[in-house]
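Enquirer: I'd like to go over a predicted model; first the sequence, then the structure.
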Amino acid sequence: MKTLQKSGGIAALYMAISHLIGIVIFLVVLDYISITDPAQKLALNVEKQTIIFSTNLLMYVFFGFALVVLSLALYDRMKSGASPLIQVGTAIGIIWAGSLIASGMVANAGLATVVALHAKDPAQAVLTFQGIEAVANGLGNANGEILGGVWTLLVSIVALRSGGLPKGQSILGLFVGAVGIITIIPALNDFTGIFGLGQIVWLAWLGIVMLRKSPGSAV
């Protein structure tokens, strides 16, 4: 159990760090979000394909595998409460992990395709890129953090009831999870940034708690 808890703690810290690095790369280094023209966005992908490929691995593929470890560690930590919510939360966490891994793999496979096509037919490459990006974004929850929001919310509810995590952290998780859920509403999709930053803090806190404290001493 101690080994799984430490593995979960390391996974949580990795998720927080990789998410933060990914935000810095996409928002600051590449300024990706500000580019709305498909042709310009494709040109950036072609020019910076190594950086984008690596960031997709970091933020989606490896993040997804870490999420599986963390979900199982949290289940092991709080299963003694016998709450069915932790079972549902674990299942949703694993579904979310699979969705993120698929998103990163689709994005990287598509990147290789459009880079090769861009050299022959730039116009067709733009159309192909738009289709691939739509699929990758859908799998990556770009249209609303419903999976991440529900997972964070359920874990926090169980933790608050069982004392499996510090009370302050559980309350933060309730807020972060709720924000993630409401981003599924198109008018509130801009709150995705609040969810992302809040979850970075929550995950970093979670990693520290799991590495330093046993379930019985979390409160």
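Expert: That came through fine. Just so we're clear, the structure is a prediction, and the values are computed from it rather than from any experiment.

Enquirer: lowest-scoring secondary structure element of this structure by mean pLDDT?
Expert: One helix or strand of the chain scores below all others by mean pLDDT, DSSP states H and E: helix 38-47, with a mean of 91.

Enquirer: give the buried residues for that helix.
Expert: Taking 16 or more other C-beta atoms under 10 Å as the neighbour-count basis, helix 38-47 is seen to contain the buried residues K41, L42, A43, L44, N45, V46. From N, CA and C alone the C-beta is placed, and that goes for glycine too.

Enquirer: kindly report the same for stretch 66-74.
Expert: Judged by neighbour count using 16+ other C-beta under 10 Å, the buried positions of stretch 66-74 are A66, L67, V68, V69, L70, S71, L72, A73, L74.

Enquirer: rewinding a little: can you show me the CA trace of the least confident helix or strand of the chain as PDB?
Expert: Below are the C-alpha coordinates for helix 38-47, written out as PDB (Å, rounded to 0.1, in the frame of the first residue of the first chain):
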ATOM      1  CA  PRO A  38      -5.800  27.500 -39.800                       C
ATOM      2  CA  ALA A  39      -3.000  28.100 -42.300                       C
ATOM      3  CA  GLN A  40      -0.900  30.000 -39.800                       C
ATOM      4  CA  LYS A  41      -1.600  27.400 -37.100                       C
ATOM      5  CA  LEU A  42      -0.500  24.600 -39.600                       C
ATOM      6  CA  ALA A  43       2.600  26.500 -40.500                       C
ATOM      7  CA  LEU A  44       3.500  26.700 -36.800                       C
ATOM      8  CA  ASN A  45       3.000  23.000 -36.400                       C
ATOM      9  CA  VAL A  46       5.300  22.300 -39.400                       C
ATOM     10  CA  GLU A  47       8.000  24.700 -38.100                       C
END
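
Enquirer: run through the neighbouring helices and strands of the very next helix or strand once past it.
Expert: The element immediately downstream of helix 38-47 (helix or strand, assigned by DSSP states H and E) is helix 49-56. Using 3 or more C-beta pairs under 8 Å, 6 or more residues apart in numbering; DSSP states H and E, the elements in contact with helix 49-56 are helix 84-118.
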